[in-house]
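1. Sequence and predicted structure are below.
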Amino acid sequence: MSASIPKKLVRKPRPTLDSVLRRAHLSVSLIAVLAAGLTLTAVALLALRVYSDQNLRLVARSMSYTVEAAVVFGDPMAAREALALIGVNEDIDRAQVNDKAGKVLARWERGEHGTRYYIERALTGWMLPDSLVFPITHDEQAIGSITLVPHSRSLLPFLLSGLSCLLACLVLSLAVAVRLSRRMETEITSPLRHLAETAHRVRRDRSFELRVPPANIAELNQINDDFNALLDELEAWQSHLQKENASLSHRANHDSLTGLSNRAFMEAELERAILEARVGNGKVAVLFLDSDRFKYINDTFGHASGDRVLVTIAARIKQQLREGDLVARLGGDEFAILLKPLRNSSDAMHIADNIIAAMAQAIELPTGNSIVSSLTIGVAVFPDHAIDAVSLVGAADEAMYRAKQAQRGTRQVARLPQPHIHP
């Protein structure tokens, strides 16, 4: 039975800044456009109503002038013809002339009362007055009245075309507003997106060399400048730590006086070299070196002279080695050399002879004296003389002591291991 996750623990995804700004800009744009559209529509309809009233009054005035003579002479036929003459060309549904006593003298109707008429009347009737009563005067005396009922035959097309144009303008305004808002949104979100992406890459990859590009908005650009300044400090701090770590690593693996590798680093590299040689069926050689007159030099000429001798020995040894070979100071006046890879044992002997020859040149001491400090060397080869690192170093050390006993400033090769004889 699977456990259901409580609804309170289910977190809804947070909206992005783009979506929030887009909704806000769209809402503001819609509200602004709708408010402007409704205002313009109301003003336009009000103006249209006023225009309709004025137009109806003008038509009534014109008809009153036309039927004035017919009313004076009481001629209904002439009055009706006058009404029809003007009414047929104007937006008039009905026209009626009453004499001074209120009696109907003439009446004219358009007669178009089909379905379209009632639809137009229903849509536009609220914009037109129900009727208009206008006096008919003669010699500034009221002799009757004319009653007009407006018709909406041309009002509906005019209204529809006006509303269509207004709607098109509103849609265009909305499109422009949306485009401008998106442009503004891009100017806001683009720098923030660059900032977020840079911060994420810095956190993920520790790429402190990255920088945020400038922004067009002053406040956002200030944030970017502050963030870049922080990255400058972090990059400097990281560089300082890397240098410190490299320095500590170098100190942990190298001799402080000669700059050569120390015993621990030498032993680790030897283990690795033997493993590679065992896998690749190759050879590795170890040379164990000891300075023959170091104690005498140190006691006679002082520690500064002894240090000069050790530094000179280290430099001359390195000059005789190949690329990939390793020399280490084991302590005191003892040195060790790791030769890898080794094609044959004679290469190790040749290098040992070159080192011995290089030490024949006198060393200038800080005291002004010069002295020759020879080296005695023991050579051991893997897998000929030993099959592990400890035994190989021991074999080279033993060969060095045999060389010292025989003659200082020479080299000896380690003895081959004796086979075990089982009884």
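-> Cool, the structure landed. Numbers count the residues shown, from 1 in each chain.
2. Convert stretch 390-410 to PDB, retaining C-alpha atoms only.
-> Once non-C-alpha atoms are left out, stretch 390-410 reads as follows in PDB (Å, rounded to 0.1, in the frame of the first residue of the first chain):
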ATOM      1  CA  VAL A 390      61.600  -1.700  -0.600                       C
ATOM      2  CA  SER A 391      63.900  -4.500  -1.800                       C
ATOM      3  CA  LEU A 392      65.000  -2.500  -4.800                       C
ATOM      4  CA  VAL A 393      66.100   0.500  -2.700                       C
ATOM      5  CA  GLY A 394      67.800  -1.800  -0.300                       C
ATOM      6  CA  ALA A 395      69.700  -3.500  -3.100                       C
ATOM      7  CA  ALA A 396      70.800  -0.200  -4.500                       C
ATOM      8  CA  ASP A 397      71.900   0.900  -1.000                       C
ATOM      9  CA  GLU A 398      73.800  -2.300  -0.400                       C
ATOM     10  CA  ALA A 399      75.600  -1.800  -3.800                       C
ATOM     11  CA  MET A 400      76.500   1.800  -2.800                       C
ATOM     12  CA  TYR A 401      78.200   0.600   0.400                       C
ATOM     13  CA  ARG A 402      80.100  -2.100  -1.500                       C
ATOM     14  CA  ALA A 403      81.300   0.600  -3.900                       C
ATOM     15  CA  LYS A 404      82.500   2.800  -0.900                       C
ATOM     16  CA  GLN A 405      84.400  -0.100   0.600                       C
ATOM     17  CA  ALA A 406      86.000  -0.800  -2.800                       C
ATOM     18  CA  GLN A 407      86.800   2.800  -3.900                       C
ATOM     19  CA  ARG A 408      84.900   6.100  -3.300                       C
ATOM     20  CA  GLY A 409      83.700   8.000  -6.300                       C
ATOM     21  CA  THR A 410      82.700   4.800  -8.200                       C
END
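3. Residues contacting it, please?
-> Contacts of stretch 390-410 with the rest of the structure, by C-beta atoms under 8 Å, 6 or more residues apart in numbering, involve 267, 270, 274, 284, 286-290, 292, 336, 356, 359, 374-380, 382, 385-386, 411-415. No exception for glycine: its C-beta is placed from N, CA and C like everyone else's.
4. can you tell me which of these are in helices?
-> Among the contacts of stretch 390-410, the residues falling in helices (DSSP state H) are 267, 270, 274, 356.
5. And the contacts of stretch 390-410, which of them are buried?
-> Taking 16 or more other C-beta atoms under 10 Å as the criterion, what is buried in the contacts of stretch 390-410 is 267, 270, 274, 284, 286-290, 292, 336, 356, 359, 374-380, 382, 385-386, 411-414.
6. Which of these fall in strands?
-> Those of the buried ones among the contacts of stretch 390-410 mapping onto strands are 284, 286-290, 336, 375-380, 382, 411-413, per DSSP state E.
7. Need the three-state assignment for W108.
-> strand (DSSP: H, G, I helix; E, B strand; the rest coil).
8. Pull the contacting residues for it.
-> 80, 83-84, 87, 94-96 are the contacts of W108 under C-beta under 8 Å, 6+ apart.
9. Which ones among the residues you listed lie within helices?
-> Short answer: the contacts of W108 in helices (DSSP H) are 80, 83-84, 87.
10. I'd like the residues you listed written out as a markdown table, with neighbour count and pLDDT added.
-> Output for the ones in helices among the contacts of W108, formatted as a markdown table (neighbours: other C-beta atoms under 10 Å; pLDDT from 0 to 100):
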| residue | neighbour count | pLDDT |
| --- | --- | --- |
| R80 | 19 | 88 |
| L83 | 25 | 85 |
| A84 | 16 | 84 |
| G87 | 21 | 78 |
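11. okay, these in TSV with distance to E68 next?
-> Output for the ones in helices among the contacts of W108, formatted as TSV (distance: C-beta to C-beta, whole Å):
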residue	distance to E68
R80	14
L83	12
A84	16
G87	16
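12. nearest to P15, of those?
-> P15 lies nearest to G87 out of the ones in helices among the contacts of W108, by C-beta to C-beta, at 63.8 Å.
13. how close does that closest one get to I363?
-> 134 Å (C-beta to C-beta, to the nearest Å).
14. try D333
-> Where I363 is concerned, D333 sits at a distance of 13 Å (C-beta to C-beta).
15. I337 now?
-> Taking C-beta to C-beta, one finds I337 at 20 Å from I363.
16. Across the sheet, point out what pairs with L289.
-> F335, I377 (DSSP bridges).
17. contacting residues around it?
-> Neighbours of L289 in contact, by C-beta under 8 Å, 6+ apart: 317, 334-337, 355, 375-377, 400.
18. Next: E209.
-> Residues near E209 by C-beta under 8 Å, 6+ apart: 231, 235.
19. Tell me, how many residues neighbour H194?
-> H194 is flanked by 18 other residues according to other C-beta atoms under 10 Å.
20. if I read this right, it contacts P213, doesn't it?
-> Yes - in terms of C-beta atoms under 8 Å, H194 counts as a neighbour of P213; the distance is 6.0 Å.
21. Now do the shared contacts for these two.
-> In terms of C-beta under 8 Å, 6+ apart, H194 and P213 are both contacted by the residues N224.
22. Just checking, which helix or strand of the protein averages the lowest pLDDT?
-> In the chain, no helix or strand scores lower on mean pLDDT, DSSP states H and E than helix 115-124, which sits at a mean of 62.
23. By neighbour count, which bits of stretch 223-231 are buried? Give me those.
-> Across stretch 223-231, burial judged by 16+ other C-beta under 10 Å covers 223-224, 227-228, 231.
24. Stretch 193-213 too?
-> Across stretch 193-213, burial judged by 16+ other C-beta under 10 Å covers 194-195, 198, 202, 208, 212.
25. Now for the residues you listed: which two are most distant?
-> H194 and F208 (16.2 Å).
26. hang on, the earlier thing: more neighbours, I337 and I363?
-> Higher neighbour count among I337 and I363: I337, with 25 against 18, using other C-beta under 10 Å.
27. Where does pLDDT dip in this protein?
-> Within the chain, the stretches with pLDDT under 70 are 1-12, 17-18, 21, 25, 112-127, 152-156, 419-423.
28. domain parsing for it?
-> Domain segmentation of the chain under automatic domain parsing yields 17-171, 206-247, 256-413.
29. Could you single out the most deeply buried of these?
-> domain 256-413 (a mean of 18; mean count of other C-beta atoms under 10 Å).
30. how long is that one from one end to the other?
-> 30 Å (C-alpha to C-alpha, to the nearest Å).
31. Name the residues that touch stretch 135-145?
-> Taking C-beta under 8 Å, 6+ apart as the rule, stretch 135-145 contacts 64, 67-68, 71-72, 97-100, 105, 133-134, 146.
32. Recalculate using a threshold of 6 Å.
-> For stretch 135-145, the surrounding residues in contact (C-beta atoms under 6 Å, 6 or more residues apart in numbering) are 64, 68, 71-72, 98-100, 133, 146.
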